[in-house]
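Novice: Show me the folded form of this:
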Amino acid sequence: MPGYLLGTEALIDFARRTDNPVWRWLRAIPVSRFQGAFHASVVSFGQWRSTIDNNRSIDAAIRHTWNTAYAALRREFVSPEGRLLGVDAETAEVWARLRELELEYLDPRSGTRGKLAQDDRLIVATALARDLVLVERHQPYHVKLSGLGLQVHDPYA
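Specialist: Numbering: from 1, shown residues only. As a prediction, the model looks like this:
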């Protein structure tokens, strides 16, 4: 089984542990193949932490629920198996090649298009540097990066 890097949205859906596209996809995977196959970037955890701390539209009860889920998942991913992946030298090299590329992002909620943010490029670079399948919604930039070896699985499709 290939290794997978959960993008930020997929990571949050994984943490929710409810019936959502990520969990439906995961339930189809035999448990014997599940262990150690899923990773997350420290950047995704940082993005999620920032959303919890800075999104003023989240009420106190939801913020508490998200904080609890964040802490539990962080403990789960900080493991001897190395499931929480940092930005190492190889990832930095890949990111340097991605920095100036015209990579278009589509916001699934608003439908607006924009340039892929640098923190998201670090997540993509992590997947490329470690030859992991990136788990996220289909994005316009995926086609452009397939030539660099980017593999993507979209559980939302």
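
Novice: any low-confidence regions in the chain?
Specialist: 1, 31-36 (pLDDT under 70).

Novice: let's see it at 80
Specialist: For the chain, the stretches with pLDDT under 80 are 1-2, 29-36, 79-82.

Novice: Can you show me the helices along it?
Specialist: Along the chain, the segments classed as helices by DSSP state H run 8-16, 21-27, 31-34, 42-54, 60-77, 89-98, 118-129, 141-146.

Novice: Go through the ones you listed and name the closest to Pro155.
Specialist: For these, proximity to Pro155 was assessed by Cβ to Cβ; helix 21-27 is nearest, at 3.9 Å. The C-beta positions use only the backbone N, C-alpha and C, and glycine is treated the same way.

Novice: List of residues touching that closest one?
Specialist: Residues from elsewhere that reach helix 21-27 (Cβ atoms under 8 Å, 6 or more residues apart in numbering): Leu6, Ala10, Asp13, Phe14, Arg16, Arg17, Phe34, Val135, His153, Pro155, Tyr156.

Novice: and what of stretch 110-125?
Specialist: Identification of contacts with stretch 110-125 by Cβ under 8 Å, 6+ apart yields 5, 7-8, 41, 43-44, 46-47, 87, 91-92, 94-95, 98-99, 102-107, 134, 139-141, 145, 150.

Novice: I'd like the distance between Arg17 and Ala40.
Specialist: Using Cβ to Cβ, to the nearest Å, Arg17 is found at 15 Å from Ala40.

Novice: who's more crowded, those two?
Specialist: Ala40 (28 against 13; other Cβ atoms under 10 Å).

Novice: and the more buried one, how far is that from Arg113?
Specialist: Distance, Ala40 to Arg113, by Cβ to Cβ: 26 Å.

Novice: Check His153 too.
Specialist: Applying Cβ to Cβ, the value for His153 to Arg113 is 22 Å.

Novice: who's more crowded, those two?
Specialist: Ranked by neighbour count (other Cβ under 10 Å), His153 and Arg113 place His153 first, with 18 against 10.

Novice: ok, the more buried one to Ala72 distance?
Specialist: Counting by Cβ to Cβ, the gap from His153 to Ala72 is 24 Å.
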